[in-house]
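> Prediction below, plus the sequence it came from.
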Amino acid sequence: KQFIQGYNAQAVVDADTQRMGGEAELAGEIADLLAAGLAALERLSLSRPADPGSALPPFAAEQPDPALRLHERLHRRGYRFTLEQVATFYAALKAKGFVILSGLSGTGKTKLAQEFATALGLDDDHFLLEPVKPDWRDNTGLMGYWNPVTGEYAATRFLRFLLAAAEEYGSARIPVRPYIVVLDEMNLARVEYYLADILSVLESSRREDGFTRGEIYLHGQAGDVTAAGGLRVPPRLRLPPNLYFVGTVNVDESTFAFSPKVLDRAFTIEVKDVDLTDYPPEVEPTPAGEDGVDEALLADFTRQGRFAQITKADVAAWGRSRREYVALLDELNQALLPHDLGFGYRVVDEILAFMGALRESPLQDALSEDEAFDAAVMMKVLPKFHGPLNRVKPPLEAVIDWAGERFKKTRKKAEQMLERAKLAGHTRFA
């Protein structure tokens, strides 16, 4: 890179234009190649992880734009996430509003969500860490319940958080901030039991005002009831688009497996790579003025007040200019339909929305369009694959053939799932 930058390509062109036409054309082609090479090196530096021993990602000092600030924030605190992982998390949460971080315990999944909330300037009123309890058998652990003996609603922190998000979004307050809730170790209890209402409502589409069409049933009284502190609890609750859910999942013998229904409702990101080379990394103090709110990131993430909404207009605006990827999805779907593992319009919409959210963000250079498509297919198509070897082997082999060498993440994950099925007789996504 230093050689290319120091090489005065324009001087070569100027000197050679005084010679014969053929030499001048050659010099011009060399100048173009050098410029293209420099641009490629810059992009390569952004899309590759940092040196394990480095506290900052490569070329971070040369890139003051918002694309690397969250990544730098994590590196300065000693957390090892690649720029691809950070960008995938950001685009998935921005597009869908529900992300599951799955992997080994202690890999920094919760910290990623916390640091992201800090980068957006969210205080304790706008960020909630909710530990999941293993005895949750229904939604009362999250949403509370009406107590007919006391005549009050037993409201939880989680419900208060949801009501606050709905109130802020529905008010005339400017600006409206995101509300992010982290369901920590969410598979300590069966997600289908305690989160069923929320999962259903999130898939009910949204009204013109942004609220979900579906409602969460809270109590059977005719009007609002009160809870401790004077909080008024309505009979039903619609979820606003400024509410985001992040679930952290430890994959071990002490937790429950996810059903495909749950995984289908979210973008699932695996965080399992542990690199102990030169560990622990050096932790650098944050330079003055660089630990505040990233306003550019906040404006993009909130989509200027629209927040997490996937509309057909958004999908059409992005998808109709990328017909190749729609054709690839159709090819994959046709290969999976004979195995009863085809997918519908919602999966296609969410894949295109993820790609659009990333391409329109400050992190757009972290992944190429093919890499973004590859990551989205892996997160939205493969979670449906689960069961014994004789059931999953043919469709997984179809996915591997479809992915080829072009879509390496999807191919690698499908190969891992197939190998697991061969060894254990059964496989699942997470």
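Noted; the coordinates are in hand. Numbers count the residues shown, from 1 in each chain.
> Going by C-alpha atoms from here, please, whenever you check contacts or count neighbours.
Noted.
> since we're on the closest residue to residue 206 other than its chain neighbours, how many residues are nearby?
Residue nearest to residue 206 in three dimensions, not counting chain neighbours: residue 212, with 4.2 Å by Cα to Cα, 6 or more residues apart in numbering. Residue 212 has 21 neighbours, counted by other Cα atoms under 10 Å.
> Tell me who's in contact with residue 212.
Taking Cα atoms under 8 Å, 6 or more residues apart in numbering, we find residue 212 in contact with 201-202, 204-206, 238-241.
> Give me the buried entries from the residues you listed.
Among these, the ones that count as buried by 16 or more other Cα atoms under 10 Å are 201-202, 206, 238-241.
> Count the residues that sit near residue 136.
By other Cα under 10 Å, 17 other residues sit near residue 136.
> hang on, it packs against residue 195?
No. Contact criterion Cα atoms under 8 Å: residue 136 and residue 195 do not qualify, at 9.8 Å.
> Give the residues shared as contacts by these two.
In contact with both residue 136 and residue 195: no residue, using Cα under 8 Å, 6+ apart.
> where in the chain is pLDDT low?
1-68, 172, 252-254, 283-292 (pLDDT under 70).
> let's go with 50 and repeat that
Where the chain drops to pLDDT under 50, the residues are 1-21, 38-64.
> Determine the longest strand present in it.
When the chain is scanned for its longest strand (criterion: DSSP state E), the result is strand 243-250.
> and it, which strands flank it?
The pairing partners recorded for strand 243-250 under DSSP bridges are strand 98-103 (parallel), strand 179-184 (parallel).
> starting at the chain centroid, how far to stretch 344-363?
Taking Cα atoms, centre = their mean, to the nearest Å, one finds stretch 344-363 lying 10 Å from the centre of the chain it belongs to.
> right, I mislabeled it, should have said stretch 101-119
Using Cα atoms, centre = their mean, the offset of stretch 101-119 from its chain centre is 12 Å.
> Reduced to three states, what does the nearest residue to residue 355 once chain neighbours are set aside come out as?
Leaving aside its chain neighbours, residue 355 sits nearest to residue 372 (5.9 Å; criterion: Cα to Cα, 6+ apart). Three-state secondary structure (criterion: DSSP: H, G, I helix; E, B strand; the rest coil) places residue 372 in helix.
> and residue 372, how many neighbours does it have?
Residue 372: 24 neighbours (other Cα under 10 Å).
> Show residues contacting the longest strand of the chain.
93, 97-105, 109-110, 113, 162, 165, 178-187, 308.
> again with stretch 255-268
Applying Cα under 8 Å, 6+ apart, the contact partners of stretch 255-268 are 92-93, 96, 98-102, 187-192, 199, 203, 379-380, 383-386, 430.
> Any of those residues buried? List them.
Judged by 16+ other Cα under 10 Å, buried ones among the contacts of stretch 255-268: 92-93, 96, 98-102, 187-192, 199, 379-380, 383-386, 430.
> What segments of the stretch 251-400 of the chain are strands?
267-271, 387-388 (DSSP state E, counting those that start in this stretch).
> Counting by contacts, list what the last one packs against.
The elements that strand 387-388 packs onto, with contact taken as 3 or more Cα pairs under 8 Å, 6 or more residues apart in numbering; DSSP states H and E, are strand 426-427.
> And the contacts of the strand it packs on?
Contacts of strand 426-427 (Cα under 8 Å, 6+ apart): 385-389, 392, 417-418, 420-421.
> Let's see that with 6 Å instead.
Here strand 426-427 makes contact (Cα atoms under 6 Å, 6 or more residues apart in numbering) with 386-389, 417, 420-421.
> want to throw these into CSV with distance to residue 396?
Output for the contacts of strand 426-427, formatted as CSV (distance: Cα to Cα, whole Å):
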residue, distance to residue 396
386, 10
387, 12
388, 12
389, 10
417, 8
420, 12
421, 10
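> If you rank those by neighbours, which is first?
Using other Cα under 10 Å as the neighbour criterion, residue 417 leads those with 24 neighbours.
> can I assume it sits in a helix?
Yes. Checked against three-state DSSP, residue 417 lies within a helix.
> now the helices for the stretch 51-200 of the chain?
Listed in chain order, the helices of the stretch 51-200 of the chain (DSSP state H, counting those that start in this stretch) span 69-76, 83-96, 109-119, 140-143, 157-170, 191-194, 196-202.
> From the chain's centre, how far out is stretch 80-97? Work that out for me.
So, by Cα atoms, centre = their mean, the centroid of stretch 80-97 is 4 Å from its chain's centroid.
> same thing with stretch 116-127?
17 Å.
> cool, and stretch 419-430?
Relative to its chain's centre, stretch 419-430 lies at 25 Å (Cα atoms, centre = their mean).
> Same check on stretch 314-324?
On Cα atoms, centre = their mean, the centre of stretch 314-324 falls 20 Å from the chain's centre.
> Show residues contacting it.
By Cα under 6 Å, 6+ apart, stretch 314-324 touches 349, 353.
> that older thread, which among the contacts of strand 243-250 end up buried?
93, 97-104, 109-110, 113, 162, 165, 178-187, 308.
> Name the residues of stretch 369-380 that are buried.
By neighbour count on 16+ other Cα under 10 Å, the buried set for stretch 369-380 is 369, 371-380.
> can the residues you listed go into JSON lines with extra columns for distance to residue 331?
Listed next are those as JSON lines, based on distance: Cα to Cα, whole Å:
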{"residue": "369", "distance to residue 331": "18"}
{"residue": "371", "distance to residue 331": "18"}
{"residue": "372", "distance to residue 331": "18"}
{"residue": "373", "distance to residue 331": "14"}
{"residue": "374", "distance to residue 331": "14"}
{"residue": "375", "distance to residue 331": "17"}
{"residue": "376", "distance to residue 331": "16"}
{"residue": "377", "distance to residue 331": "13"}
{"residue": "378", "distance to residue 331": "15"}
{"residue": "379", "distance to residue 331": "18"}
{"residue": "380", "distance to residue 331": "16"}
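> on that earlier part again, with residue 342 as the reference, name the closest of the strands of the stretch 251-400 of the chain.
Smallest distance to residue 342 across the strands of the stretch 251-400 of the chain (Cα to Cα): 15.7 Å, for strand 387-388.
> Partner strands of the closest one, with direction?
strand 426-427 (antiparallel).
> Give me the distance between residue 374 and residue 352.
11 Å (Cα to Cα, to the nearest Å).
> picking up where we left off before, closest one to residue 78 out of the buried residues of stretch 369-380, please.
Out of those, the member with the shortest distance to residue 78 (by Cα to Cα) is residue 375, at 25.3 Å.
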